[in-house]
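**Student:** Below is the sequence, then the predicted model.
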Amino acid sequence: MTRPIPILLDGDPGHDDAMAWMLAQSSPLLEIRGVTSVCGNQTIDKTTYNAQRVMTLLGIDAPLAKGRPRPLTGEPMAAPSVHGDSGLDGPVLPEPVVFPVDLPACALMAKVLEESAEPVTIVPTGPLTNVASLLLTRPDLKGKIAGISMMGGGVTHGNWTPAAEFNILVDPEAADLVFRSGVSITMAGLDVTEQALVFPEDFAAIRALGNPVASVVADWLEFFYGFHRELGYAGAPVHDAVAVAALIAPELFHMEEMYVVVETGGTYCRGATIGDRYHLSGHAPNARVILGLDRAGFVGLLTEAAASYGRGGKEHG
Amino acid sequence: MAEKRRPVILDCDPGIDDAVALLLAAHAPELELLAVTAVAGNVGLDKTSRNARRVLTLAGTEVPVHAGAAGPMFGEVVTADEVHGADGLLGVPTPEPAFPLSEGAAWDVMWEMALAHSGELEIVATGPLTNLGIALTKYPDLPEHVKRIVLMGGATDFGNTTPAAEYNIYADPEAADLVFRSGIPIVMCGLDVTHKAYFTQEEIDRLEALGTPQAVFAAKTMGFGVEWHQKFLVPGAPMHDPCAMMYALEPELFTGVRCWVGVECQGRHTRGRTVTDAYSDAKSPHGPNVELITGVDRDRFVDHLTARLAAYGTP
């Protein structure tokens, strides 16, 4: 069996971050080398606490570091309507046995990159504040980043404003820096993640697996669907899990290479990701933009991941 | 007895696809084409105001043609002569104008016609929206009198002039912003639908085989579009401007959604972008201002457009 891909998880859990991490932790193809929290769905204190609880639940054995309390510029912006007041409302979670190390998030990222023999893939599922901080503080380590597989943006539409998706809108300057960094980017934006729907019958199948993690995942899906059902979604769009699934099973996704730029100004467009699908800008592509997926295959991946926790978790072949 | 013909002004920058829209309008039994107003766009105003008369001459009719703006309300002129050729009609043989330009600026004619046909006048706009922007500036009461504007412009996902913006809006974003915020009901036929409303090479050949001067002219101008639009992933020549005119004539061929559309006039990368809330969880506090056309029954569109051009052969 090939060696697992070393990854850094960087997120703002968040129900869909938690499910992305559940998928990552279960996969024998991935090896989690570090986890960083970022302010996004909730304040940095809440997302960090949630990261501790999720790592404890899933048994993620990697260092955790706390991110900045605010975006690179501007003020934090939370999403309690989606994730609740705690940032991860719903099922009761274990009290943490995992605690943050005494390093800023970007410093832990740098440490992991420095100590790794091979380049590491970063999986950001929140605002890109920490990744941008890493690129600003340690440009010399760019070569140690194998790629970025991220959830954020949308080349066809937004969700937090008509033009902008939440993760990018929270810190457009950070996103701009990341997209212009030259690091290889796989972008799971709303274009695909709003199609990555887990239907209520899928929740039931996951709950029926019977193991404690699967039960929590089913509860998370139920909670997360509540907000989206009001908006007319037929299921829960598990946005962040797409960024992980694209690493594990790229064959499930339709991707197009294009140049993507982040709008940081504008009356209506701040935080929009603009995709040069027709190659008009003269810029070489900087991202693989995911535009479609095999939904059943994606749900199968999540279900199988939840099932693996009933067999003692990660199964390295 | 035939239904009353609906009063229409066509505001355009011919332009190859404007020319086909003009041919459709000039011979449409449903419409009373009151005037054609020309604007700088695809090519300069001298050419668009002349080309409008050349195409009407080809159509065998005389409709008053009025010149409008020679450039955008703000900023530099953006032409598209790489698409439309130096003369704006790709050098396709077209008669010399049989009649002169009419007196009166485009915006004054719009206002006069709006008063004369208050509540009835429809404006089909297939170029940059400068003439309408100036009309709204000079006549703030114009929205009370115009029934609706059917326009070709914008794109809610990918632009064709910049990654973010479609040509007609990019060429004068401030004018477009005035139009979209005017309160006049707007039907937007942007790239969302025009890239679906294409003629394949075979369908263009069938049109040309009709043999009438109008059909041959239209087919020749369309032919170029097939190759040009490969980079836009369209398997044929999109009928950008004819789409707006066909909507004015046969709205039942199209599907759309009521939503908000705003024009980005600022932005480092997004100037001229048409932003919609149609696909976003977050809705604009301004509420819907546009019928955004997103789909077309392409087979019927091709058949009906072809039939309308074929009708020139039937006296």
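**Tutor:** In hand now; what should we look at? Numbers count the residues shown, from 1 in each chain, chains lettered A, B, ... in the order given.
**Student:** If you tally nearby residues, what's the number for B:T255?
**Tutor:** The criterion is other Cβ atoms under 10 Å in any protein chain shown. On that basis, B:T255 has 12 neighbouring residues. All C-beta spots, glycine's among them, are computed from the backbone N, C-alpha and C.
**Student:** same check, this time on B:L31
**Tutor:** Counted by other Cβ under 10 Å, the residues lying close to B:L31 total 20.
**Student:** now do A:E165
**Tutor:** Other residues lying near A:E165 total 29 when counted by other Cβ under 10 Å.
**Student:** Please tell me how far it sits from chain B.
**Tutor:** Computed as Cβ to the nearest Cβ, to the nearest Å, the A:E165 to chain B distance reads 9 Å.
**Student:** Correct me if wrong: that residue contacts A:G154.
**Tutor:** Yes. Checked against Cβ atoms under 8 Å, the pair A:E165 and A:G154 is within contact range at 4.8 Å.
**Student:** Which helix or strand contains A:T121?
**Tutor:** Under the assignment given by DSSP states H and E, the secondary-structure element containing A:T121 is strand A:120-124.
**Student:** circling back to that earlier point, what is in contact with A:E165 and A:G154 at once?
**Tutor:** With contacts taken as Cβ atoms under 8 Å, 6 or more residues apart in numbering or on different chains, the residues that reach both A:E165 and A:G154 are A:G189, A:L190, A:T273.
**Student:** What parts of chain A come near chain B?
**Tutor:** Residues of chain A lying close to chain B (Cβ under 8 Å from any Cβ of the partner chain) are A:155-163, A:231, A:259, A:261-269, A:272, A:274-281.
**Student:** Find the nearest non-adjacent residue to the closest residue to chain B within chain A, please.
**Tutor:** Nearest to chain B, among the residues of chain A, is A:G266, at 3.3 Å (Cβ to the nearest Cβ). In space, and not counting its chain neighbours, A:G266 is closest to B:G267: 3.3 Å by Cβ to Cβ, 6 or more residues apart in numbering or on different chains.
**Student:** show me what contacts the one you found?
**Tutor:** For B:G267, the set of contacting residues under the criterion of Cβ under 8 Å, 6+ apart consists of A:E263, A:G265, A:G266, A:T267, A:C269, B:A164, B:R273.
**Student:** Contacts for the strand holding A:T121 next, please.
**Tutor:** A:5-11, A:20, A:24, A:33, A:38, A:109, A:112-113, A:130-131, A:144-152, A:167, A:243-244, A:247.
**Student:** Hmm, A:F99 and A:L64 touching each other?
**Tutor:** Yes. In this structure, A:L64 is within contact of A:F99 by Cβ under 8 Å, at 7.2 Å.
**Student:** helix/strand/coil for A:D140?
**Tutor:** Look at A:D140: counting by DSSP: H, G, I helix; E, B strand; the rest coil, its state is helix.
**Student:** nope, B:P235 is what I was after
**Tutor:** Assigned with three-state DSSP, B:P235 falls in the coil class.
**Student:** Just confirm it contacts B:F199, I think it does.
**Tutor:** No. Shown here, B:P235 and B:F199 do not form a contact pair, counting by Cβ under 8 Å, at 10.1 Å.
**Student:** Tell me how many other residues crowd A:A117.
**Tutor:** 7.
**Student:** picking that back up, partners of the strand holding A:T121, with directions?
**Tutor:** strand A:5-11 (parallel), strand A:145-151 (parallel) (DSSP bridges).
**Student:** right, and the helix or strand after the first one?
**Tutor:** The element immediately downstream of strand A:5-11 (helix or strand, assigned by DSSP H and E) is helix A:15-26.
**Student:** and the angle from that following helix to strand A:5-11?
**Tutor:** For the pair helix A:15-26 and strand A:5-11, the angle between their directions (axes from the mean of the first three to the mean of the last three Cα atoms, to 10 degrees) equals 160 degrees.
**Student:** centre of the chain versus helix A:15-26, how much separation?
**Tutor:** 8 Å (Cα atoms, centre = their mean, to the nearest Å).
**Student:** Which strands or helices does that helix pack on?
**Tutor:** The contact analysis (3 or more Cβ pairs under 8 Å, 6 or more residues apart in numbering or on different chains; DSSP states H and E) places helix A:15-26 against strand A:5-11, strand A:30-37, helix A:44-58, helix A:212-230, helix A:239-248, helix A:295-308.
**Student:** can I get the strands paired with strand A:120-124 in CSV with mean pLDDT and mean neighbour count?
**Tutor:** What follows is these, written out as CSV (pLDDT from 0 to 100; neighbours: other Cβ atoms under 10 Å in any protein chain shown):
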stretch, mean pLDDT, mean neighbour count
strand A:5-11, 98, 26
strand A:145-151, 98, 24
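**Student:** Tabulate those in TSV, adding columns for distance to A:D45.
**Tutor:** Converted to TSV, the strands paired with strand A:120-124 look like this (distance: least, Cβ to Cβ, whole Å):
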stretch	distance to A:D45
strand A:5-11	15
strand A:145-151	22
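**Student:** picking up where we left off before, please say which of B:P235 and B:F199 ends up with more neighbours.
**Tutor:** The neighbour count for B:P235 versus B:F199, taken as other Cβ under 10 Å, is higher for B:F199 (27 against 12).
**Student:** could you give the angle of the lengthiest strand in chain A to helix A:295-308?
**Tutor:** Residue-count comparison of every strand in chain A, with assignments taken from DSSP state E, identifies strand A:253-262 as the longest. Relative orientation of strand A:253-262 versus helix A:295-308 (the same axes, to 10 degrees): 100 degrees.
**Student:** buried sites along strand A:253-262?
**Tutor:** Under the neighbour-count criterion of 16 or more other Cβ atoms under 10 Å in any protein chain shown, strand A:253-262 has A:F253, A:M255, A:E256, A:M258, A:Y259, A:V260, A:V261, A:V262 buried.
**Student:** next one: stretch B:285-303
**Tutor:** Buried-residue list, stretch B:285-303, by 16+ other Cβ under 10 Å: B:P288, B:N289, B:V290, B:E291, B:L292, B:I293, B:T294, B:V296, B:D297, B:R298, B:F301, B:V302.
**Student:** about what we covered before: filter the contacts of B:G267 down to the ones in strands?
**Tutor:** Cross-referencing the contacts of B:G267 against strands under DSSP E gives no overlap.
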